[in-house]
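A.B. asks: below: sequence and its predicted model.
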Amino acid sequence: MATPETDTSRLRVTHRFSASKQRVFRAWTEPELLMRWFGETEHNFEVCEIDLRTGGSYKLAGRMGGQQRWSIWGKYLEVKPGEKLVFTWEWEHDPGPWEKAGSTLVTVEFREVGKETELTLTHERFETVKARDEHSMGWKGCFARLEKVV
């Protein structure tokens, strides 16, 4: 179960997965796994590029609900395999009800707890509460799908 902690500009979500740290980390860093949980369905991706190294970049793009286009991109600021990812987060989409998040920062930490992996995601630098709350809902949905992949 995902547990959110928020303030005005930051969102923190912790979730435990019944899988190894390596498996959960791979689901974040291998395109064929990422596409199975990140979007609404595995078929909404048009682009999934990952250059997994400090200073490398990533780009995800597709269609939401098969209609509205979206793109997310950024740079990896820190990559510690099986332990931690830190990356910038930029996004744009076709007109819709979503709030633009601006340039934000995501930190994903992986911690072994018995036979489970505790993942803590911190997404920060939101300009508005609405953008933060929309991302909170999005991450919770992603974690529910990720649970099925790992």
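C.D. replies: The structure has been received and is ready for your questions. Residues are numbered from 1 along each chain as shown.
A.B. asks: after the lowest-mean-pLDDT helix or strand in the chain comes which helix or strand?
C.D. replies: Every helix and strand in the chain was compared by mean pLDDT, DSSP states H and E; the lowest is strand 3-6, with a mean of 48. As assigned by DSSP states H and E, the chain's next helix or strand after strand 3-6 is strand 10-17.
A.B. asks: ok, and for that following strand, which residues are buried?
C.D. replies: Across strand 10-17, burial judged by 16 or more other CB atoms under 10 Å covers 11, 12, 13, 14, 15, 16, 17. All C-beta atoms are positioned from the backbone trio N, CA, C, and that covers glycine.
A.B. asks: stretch 27-34 now?
C.D. replies: The neighbour-count check on stretch 27-34 (16+ other CB under 10 Å) flags 27, 28, 29, 33, 34 as buried.
A.B. asks: filter the residues you listed down to just the ones in strands.
C.D. replies: Among these, DSSP state E puts none in strands.
A.B. asks: format these as CSV; extra columns: pLDDT.
C.D. replies: Putting these into CSV (pLDDT from 0 to 100) gives the following:
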residue, pLDDT
27, 97
28, 98
29, 97
33, 95
34, 94
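A.B. asks: can you name every helix or strand that the longest helix along the chain contacts?
C.D. replies: Taking DSSP state H as the criterion, the chain has its longest helix at helix 129-149. Judged by 3 or more CB pairs under 8 Å, 6 or more residues apart in numbering; DSSP states H and E, helix 129-149 is in contact with strand 3-6, strand 10-17, helix 21-29, helix 31-37, strand 116-124.
A.B. asks: could you give me the buried positions within that helix?
C.D. replies: Buried residues in helix 129-149 (16+ other CB under 10 Å): 131, 132, 134, 135, 136, 139, 142, 143, 145, 146, 147, 149.
A.B. asks: next, the angle from that helix to helix 21-29.
C.D. replies: For helix 129-149 against helix 21-29, the angle by axes from the mean of the first three to the mean of the last three CA atoms, to 10 degrees is 130 degrees.
A.B. asks: no more questions from me, cheers.
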